[in-house]
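K.L.:
mind folding the following:
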Amino acid sequence: MKILFPTDFSSAAENAFVYALKLADRLEATITVVHVYEVLQLHTWVEDSMNMDQVNDQITIGEFEQFRDKIDMLKRIAVEHHLAHVEVNYSLKESDYVVEAILDEAKASVADLIVIGTRGASGLKEILFGSVASKVIDGATCPVCMVPDTAHYRGIEKIGLTLEYKPGELELIEKSLAIARRLGGHLHCLHVDVYDPDKEKVKLMEYRHAFAHEPGISFHVHPDLDVEKGILEFMRFNQIDIVIMGVQHKSKLKELFSYSIARRIAYHTDIPLIGLHVEQ
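P.N.:
Numbers count the residues shown, from 1 in each chain. The predicted model follows:
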């Protein structure tokens, strides 16, 4: 198994690297660290007064030297967490399009998972509404794990999955359960609603029957008029370690997880999120 870890050398990225190492150790995976930098793009009148080739050569040299120094820092993090045995490869790329470069690297390395750091709640807000990471999750063909810098790794034993009780969710549950099995964790499937209790009972019985043979999964209904608040309360009270959310390829997150819910969770949680693609 292969994990791609894009980094901008920020503190959020350093925090996410711990998760990448821990996941690689549990999944018996290798990690490819990629840093994408952009060269200067100036107007023609500026180019006439400057030798842009020389300027960008200096940028490349500076990025290479910084990358070399940061590699040593990442190696120290691995040693500090007793994970120096995890195989880590390094890639430095120049590109005018950071997202495309990350997605190209994911394809080239045949990544099974992308792990990317964010700057806490505000970073998650940006992820969900237009940042580099949101574009990565939209374009990636593999799951993307987004780790806020406020997250603190304490293991991945409890895995949450939010459900809306809509058609097509059995596939999402199957994929999430496969991830939980690989991590050796228990999958907690959650639906928050109070508007149609009869529908809830029918759907809950359907899901429980479909996965009755699986010991590592449970289904929960959390009653709350405020769906977002109910999700957050459940995740915190049950000490969920990571949350899986379903997204559709090349579509908006709201297709399977409404913007209002995503916004509240993005503002108030420090739990890592895995965006998992499902078919439209």
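K.L.:
middle-most residue in this structure, spatially?
P.N.:
Centrality entry for the chain: nearest residue to the mean C-alpha point is residue 145, 1.8 Å, by C-alpha atoms, centre = their mean.
K.L.:
ok, what's across the strand from it?
P.N.:
Beta-bridge partners for residue 145, by DSSP bridges, are residue 115, residue 274.
K.L.:
and residue 3, how many neighbours?
P.N.:
Per other C-beta atoms under 10 Å, the neighbour tally for residue 3 reads 25. Glycine gets a C-beta too; all of them are placed from N, C-alpha and C.
K.L.:
likewise residue 242?
P.N.:
By other C-beta under 10 Å, the residues close to residue 242 number 26.
K.L.:
hang on, it packs against residue 274?
P.N.:
Yes - counting by C-beta atoms under 8 Å, residue 242 touches residue 274, with 6.3 Å between them.
K.L.:
which residue ranges of the stretch 101-250 of the chain form helices?
P.N.:
For the stretch 101-250 of the chain, the helices defined by DSSP state H, counting those that start in this stretch cover 120-128, 132-139, 169-183, 197-210, 227-237.
K.L.:
with respect to residue 91, which of those lies nearest?
P.N.:
Nearest to residue 91, of all those, is helix 132-139, at 15.4 Å by C-beta to C-beta.
K.L.:
quick one: mean pLDDT over the closest one.
P.N.:
Across helix 132-139, the average pLDDT comes to 79.
K.L.:
next one: stretch 104-121
P.N.:
What stretch 104-121 shows for mean pLDDT is 87.
K.L.:
so which bits of it are buried?
P.N.:
Residues of stretch 104-121 classed as buried by neighbour count (16 or more other C-beta atoms under 10 Å): 105-106, 109, 111, 113-119, 121.
K.L.:
ok, so of these, who is nearest residue 173?
P.N.:
Using C-beta to C-beta, residue 113 comes nearest to residue 173 of the buried residues of stretch 104-121, at 18.8 Å.
K.L.:
let me see the contact set for that closest one.
P.N.:
If a contact means C-beta atoms under 8 Å, 6 or more residues apart in numbering, then residue 113 has 1-4, 23, 27, 29, 142-145 as its contacts.
K.L.:
same thing but 6 Å
P.N.:
Residues in contact with residue 113 (C-beta atoms under 6 Å, 6 or more residues apart in numbering) are 3, 142-143.
K.L.:
what do you get for residue 204?
P.N.:
By C-beta under 6 Å, 6+ apart, the contact list for residue 204 reads residue 219.
K.L.:
thinking again about what came up before, dump the helices of the stretch 101-250 of the chain to CSV, plus distance to residue 94.
P.N.:
CSV is the format used below for the helices of the stretch 101-250 of the chain (distance: least, C-beta to C-beta, whole Å):
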stretch, distance to residue 94
helix 120-128, 24
helix 132-139, 16
helix 169-183, 33
helix 197-210, 48
helix 227-237, 40
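K.L.:
residue 149: which of the ones you listed is closest?
P.N.:
Across these, residue 149 has its closest neighbour in helix 120-128 (5.3 Å, C-beta to C-beta).
K.L.:
fine, thanks again, bye for now.
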